[in-house]
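Peer 1: Just to be clear, the model below is a prediction. Sequence and coordinates:
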Amino acid sequence: RPLLQADDPATVIAKLIDERYPVYAEADLTLHSRDVKHEDIVEECVAALRGYLHLNIPDPDNSSERTSASE
């Protein structure tokens, strides 16, 4: 991380948190990064977007679902 190539990386991190977290708090959606399979995070992202957009988008793993973006 280039920003942390400093004499005091902890101070840099604290400054970045102070600057960025107020902006992050305004986000409509948030996903928490963690050490899980990439596919798990993608599924959570898609589910969050479906809920946020109130769209009835079928799950490709469940072909029995019907879709209508206009409902």
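Peer 2: Yep, that arrived. Residues are numbered from 1 along each chain as shown.
Peer 1: ok, the most centrally placed residue in the chain to V23 distance?
Peer 2: Centroid-nearest residue in the chain, with Cα atoms, centre = their mean: L31, separated by 3.1 Å. Using Cβ to Cβ, to the nearest Å, L31 is found at 16 Å from V23. No exception for glycine: its C-beta is placed from N, CA and C like everyone else's.
Peer 1: thinking again about what came up before, would you check that the residue nearest to the centre of the chain makes contact with V42?
Peer 2: No. L31 is beyond contact range of V42, at 9.8 Å (criterion: Cβ atoms under 8 Å).
Peer 1: Let me see the ranges of the helices in this structure.
Peer 2: Assigned by DSSP state H, the helices in the chain fall at 9-24, 38-53.
Peer 1: Turn those into a markdown table, including mean pLDDT.
Peer 2: Converted to a markdown table, the helices of the chain look like this (pLDDT from 0 to 100):
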| stretch | mean pLDDT |
| --- | --- |
| helix 9-24 | 96 |
| helix 38-53 | 92 |
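Peer 1: Of those helices, which is nearest P2?
Peer 2: Across these, P2 has its closest neighbour in helix 9-24 (10.5 Å, Cβ to Cβ).
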